[in-house]
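Chemist: Quick one: sequence and predicted model below, then my questions.
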Amino acid sequence: MNITEIAKRTTEFVVYVHEFYGPEGIYPMGATIGTICSATQTLLEREGTNVQFDSLDRERVRDIMIEEHGLVFPGEDTV
């Protein structure tokens with residue numbers, strides 16, 4: 001995969017994650033594009049070439065946003 005394809009897939013993935021966890025997403029957590037990009041970068045650093053930009057990776061990014069950015073999954077108790 002060349003750099004152009006990597007950039008395209010990463011951008012599509014960030015939009016995909018935003019559709020799920022953005023302010024008006026399926027599971028609104030208030031995630032911004034910046035937060036998603038940061039969490040995606042962390043995922044890439046952790047997983048390297050194992051990232052498939054699929055639903056499992058979307059959930060991994062969600063977990064990173066919860067752990068590192070203090071976001072809360074809708075319905076989860078914050079206590």
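Modeler: That came through, no problem. Residues are numbered from 1 along each chain as shown.

Chemist: would you list every one of the helices in the chain?
Modeler: 3-21, 33-47, 55-69 (DSSP state H).

Chemist: Now mean neighbour count and distance to Y27 too, for those, in a markdown table please.
Modeler: C-beta coordinates here come from the backbone N, C-alpha and C atoms, glycine included. A markdown table is the format used below for the helices of the chain (neighbours: other CB atoms under 10 Å; distance: least, CB to CB, whole Å):
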| stretch | mean neighbour count | distance to Y27 |
| --- | --- | --- |
| helix 3-21 | 15 | 6 |
| helix 33-47 | 16 | 13 |
| helix 55-69 | 17 | 8 |
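
Chemist: For those, give me a markdown table that also has mean pLDDT and distance to E76.
Modeler: Shown next, in a markdown table, are those (pLDDT from 0 to 100; distance: least, CB to CB, whole Å):
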| stretch | mean pLDDT | distance to E76 |
| --- | --- | --- |
| helix 3-21 | 96 | 13 |
| helix 33-47 | 97 | 17 |
| helix 55-69 | 97 | 8 |
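
Chemist: now those in a markdown table, with distance to G75?
Modeler: Output for those, formatted as a markdown table (distance: least, CB to CB, whole Å):
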| stretch | distance to G75 |
| --- | --- |
| helix 3-21 | 13 |
| helix 33-47 | 19 |
| helix 55-69 | 13 |
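
Chemist: if I pick the closest residue to F53 other than its chain neighbours, what's in contact with it?
Modeler: Closest residue to F53 apart from its sequence neighbours, by CB to CB, 6 or more residues apart in numbering: F13 at 4.2 Å. Neighbour list for F13: T40, F53, D57, R58 [criterion: CB atoms under 8 Å, 6 or more residues apart in numbering].

Chemist: and if you look at T32?
Modeler: By CB under 8 Å, 6+ apart, the neighbours of T32 are G22.

Chemist: quick one, phi psi at it?
Modeler: Dihedral pair for T32: phi -100, psi 170, per degrees, to the nearest 10.

Chemist: Kindly state the pLDDT recorded for it?
Modeler: On the pLDDT scale, T32 is placed at 98.

Chemist: Tell me the spacing between it and R9.
Modeler: For T32, the distance to R9 equals 20 Å [CB to CB, to the nearest Å].
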